[in-house]
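>>> Generate a structure from the sequence data that follows.
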Amino acid sequence: MNSKEQKIEGKEQSEQSQPQKVIRVKKPKPWQRFLLIFIIILVLAGIVWLARVFSLVSSISQSSSDKTGIFNFPFSQKSGLKGENEGRINLLFFGIGGATHPKGGNLTDSMILVSIDTTSDQKKLAMISIPRDLLVKMPRPLTGEQKINAVYELAQQQKDKTKMDGAQALQSVMREISGQDIHYWVKIDFVGFEKLIDSLGGITVDVLEDIYDSSFPADNLEDYAPFSIKAGERKMNGEVALKYARSRYTTSDFDRSKRQQQIITAVKDEFENKGYIYRPDKILEIMSILSKNLKTNFAPQEISQVYKIIKDIPDDKIYNLVLDNTIDGPFKTVSNGGYYLTPKTGNWKELQEKIKGVFNLSISQKDQAKIEVQDGTKAKIAAKKLTQDLQAIGFDAVHTGAAERIYPVSQIYDFSNGEKQDTINFLQKKLASNKLSTGTLSMLQSKNSPSVHILIIIGEDYVKAENNNE
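Next up, the predicted model:
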């Protein structure tokens, strides 16, 4: 062995003789291992659950605008709902018999226009029932007139030819008669309705009067299956709730519309009171039901956005309007080879004013203010139109004619000693006037002047503002 090899060997021996640092790896304790596995399972389960929910929501939505991936729902950034920036979101909710309803399964059994007021922090919601016997023009390229409950079915039959399906046709008709943009629609069939309520464990409804319907149709739609329920607070499963919503032969179609609005409110209350929004298993169950029996043009992320708005609306900010053929209603009955409802005025103007002012109905109903309107303009037509607009949204208003002179600026006089302040606030906003004028009862022209609470004298400024808005 040469000297060089000896040096190398000596060096190796020297290095081996140095103490080595030992690294000890701690074994995880049993509870730590369990916790780690549990967290992994939770994460994987969450991903699977989210994927399932997204798949189900996507099957509900018919919107072509949403091409996002799973991780954009429901945690996507808010892009805003249609109509939200304009202060009002409108959606049409309609129910059909569906595949299990062999005769007229695509006829719309109920139609409710749901409007959400987004103009303030305290949101409001209105449910406006549209009568199924309303006579309307079919939307182009379809022709002729039909009851509104047949629009969806007839359009579905010709959708391959017209490139317009039933929901789009119904959406178009509702836009025409209501004067409102219909941003969204939701369709549900009878089976989905029943299963949804059963999945909530039933709903509680305050039945206002005894009902006995000897002509309620049986499942075969040929025989009868009488339906009855007593007045009072009742717990209903899906089957009973559907019958309660559909029964009309011993009451009326308008009474039925009120009951349908009751049920929608009860479903909302049940969902919130039981905290189902925090129950992934319940959400998955409901989504599974709806995926088969409900369709909508809401995009998946929009569904979560609209729920966030609706869930915080208190019951006293939910308004109900049933449009009927009573003395105060906008429709009249026409019998021309069938039973139809048509506008009393021959056009949709009165209906459109009622729908436009639906969020003010609570003010007129609560204050019960008597309003006199005088015309202080040169043209002498503005006061009559304003009176009609106020009457359309429930105010007790009367037009008494021309004022004693021409008024450059509109005036509001309060003879209620401040008791009708909500009505005053509404009128000030409508007339763009922030102050009250002082006057005496001698200014009133009404025969019942002592009972008048508020006097409005329309001025030239109102006419100018109205012309600018046209």
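>>> Outline the domain layout of this protein.
Residue ranges for the structural domains of the chain, counted by automatic domain parsing, are given in the record as 88-349, 358-469.
>>> any chance of the ones you listed in TSV, plus mean pLDDT, mean neighbour count and distance to residue 80?
Any C-beta I mention is one placed from the backbone N, CA and C, and that applies to glycine too. As requested, those are arranged in TSV below (pLDDT from 0 to 100; neighbours: other Cβ atoms under 10 Å; distance: least, Cβ to Cβ, whole Å):
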stretch	mean pLDDT	mean neighbour count	distance to residue 80
domain 88-349	87	17	8
domain 358-469	87	17	21
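>>> Next, format those domains as TSV and append distance to residue 81.
Conversion of those to TSV gives the following (distance: least, Cβ to Cβ, whole Å):
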stretch	distance to residue 81
domain 88-349	6
domain 358-469	18
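>>> so the residue nearest the centre of the chain is in which element?
Within the chain, the residue whose C-alpha comes closest to the C-alpha centroid is residue 114; the distance, by Cα atoms, centre = their mean, is 2.9 Å. Here residue 114, judged by DSSP states H and E, is contained in strand 108-117.
>>> can you check residue 333 too?
Using DSSP H and E, residue 333 sits in strand 331-335.
>>> could you point out which element follows that strand?
Read in the C-terminal direction, the helix or strand following strand 331-335 is strand 339-343, with elements assigned using DSSP H and E.
>>> Give me the angle between that next one and strand 331-335.
Interaxial angle of strand 339-343 relative to strand 331-335 (axes from the mean of the first three to the mean of the last three Cα atoms, to 10 degrees): 140 degrees.
>>> quick revisit: helices or strands next to the strand holding residue 114 in the packing?
strand 88-96, strand 124-129, helix 151-157, helix 166-178, helix 253-273, helix 300-310 (3 or more Cβ pairs under 8 Å, 6 or more residues apart in numbering; DSSP states H and E).
>>> run the last query once more with 6 Å
In this structure, strand 108-117 makes packing contacts with strand 88-96, strand 124-129, judged by 3 or more Cβ pairs under 6 Å, 6 or more residues apart in numbering; DSSP states H and E.
>>> will you turn the ones you listed into TSV that also has distance to residue 155?
Rendered in TSV, the data for the helices and strands packed on strand 108-117 read as follows (distance: least, Cβ to Cβ, whole Å):
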stretch	distance to residue 155
strand 88-96	13
strand 124-129	21
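>>> Out of these, the one nearest residue 255 is which?
Smallest distance to residue 255 across those (Cβ to Cβ): 10.4 Å, for strand 124-129.
>>> what sits up against the closest one?
Contacts of strand 124-129 from elsewhere in the structure, counted by Cβ atoms under 6 Å, 6 or more residues apart in numbering, are 112-117, 257, 261, 313, 317-322, 355, 358-359.
>>> again, only this time at 8 Å
Counting contacts by Cβ atoms under 8 Å, 6 or more residues apart in numbering, the residues outside strand 124-129 that touch it are 110-117, 254, 257-258, 260-261, 264-265, 310, 313, 317-323, 355, 358-359.
>>> could I have stretch 361-372 exported to PDB, CA atoms only?
Included here for stretch 361-372 are C-alpha records, laid out as PDB according to Å, rounded to 0.1, in the frame of the first residue of the first chain:
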ATOM      1  CA  LEU A 361    -100.300  49.200  -2.100                       C
ATOM      2  CA  SER A 362     -99.400  48.800   1.600                       C
ATOM      3  CA  ILE A 363     -99.300  52.600   2.100                       C
ATOM      4  CA  SER A 364    -102.700  53.100   0.600                       C
ATOM      5  CA  GLN A 365    -104.200  50.200   2.600                       C
ATOM      6  CA  LYS A 366    -102.600  51.300   5.800                       C
ATOM      7  CA  ASP A 367    -103.200  55.100   5.700                       C
ATOM      8  CA  GLN A 368    -106.700  55.000   4.100                       C
ATOM      9  CA  ALA A 369    -106.100  58.600   3.100                       C
ATOM     10  CA  LYS A 370    -108.800  60.500   1.200                       C
ATOM     11  CA  ILE A 371    -107.100  62.600  -1.500                       C
ATOM     12  CA  GLU A 372    -108.500  65.500  -3.600                       C
END
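>>> Bridged to the residue nearest to the centre of the chain, which residues?
residue 91, residue 127 (DSSP bridges).
>>> Just say helix, strand or coil for residue 204.
Three states are possible here, and by DSSP: H, G, I helix; E, B strand; the rest coil the one that applies to residue 204 is strand.
>>> Make residue 1 into 56 and carry on from there
Let's use 56 as the start, then, which means that last one is residue 259.
>>> close enough to count as contact, it and residue 289?
Yes. Because the distance of 7.2 Å satisfies Cβ atoms under 8 Å, residue 259 is recorded as touching residue 289.
>>> any residues in contact with both of these two?
Looking at what touches both residue 259 and residue 289 (by Cβ under 8 Å, 6+ apart), there is no common residue.
>>> Go ahead and confirm residue 230 touches residue 236.
Yes. A contact is recorded between residue 230 and residue 236 when judged using Cβ under 8 Å, the distance being 6.5 Å.
>>> and the host helix or strand of residue 480, C-alpha only, in CSV?
For residue 480, the element it lies in under DSSP H and E is helix 476-485. Backbone C-alpha positions of helix 476-485 (Å, rounded to 0.1, in the frame of the first residue of the first chain) are rendered in CSV as follows:
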residue,chain,number,x,y,z
GLN,A,476,-97.4,60.8,6.8
ASP,A,477,-96.6,57.7,4.8
THR,A,478,-99.0,58.9,2.1
ILE,A,479,-97.5,62.4,2.2
ASN,A,480,-94.0,61.0,1.8
PHE,A,481,-95.1,58.9,-1.2
LEU,A,482,-96.8,61.9,-2.9
GLN,A,483,-93.8,64.2,-2.2
LYS,A,484,-91.6,61.6,-4.0
LYS,A,485,-94.0,61.2,-6.9
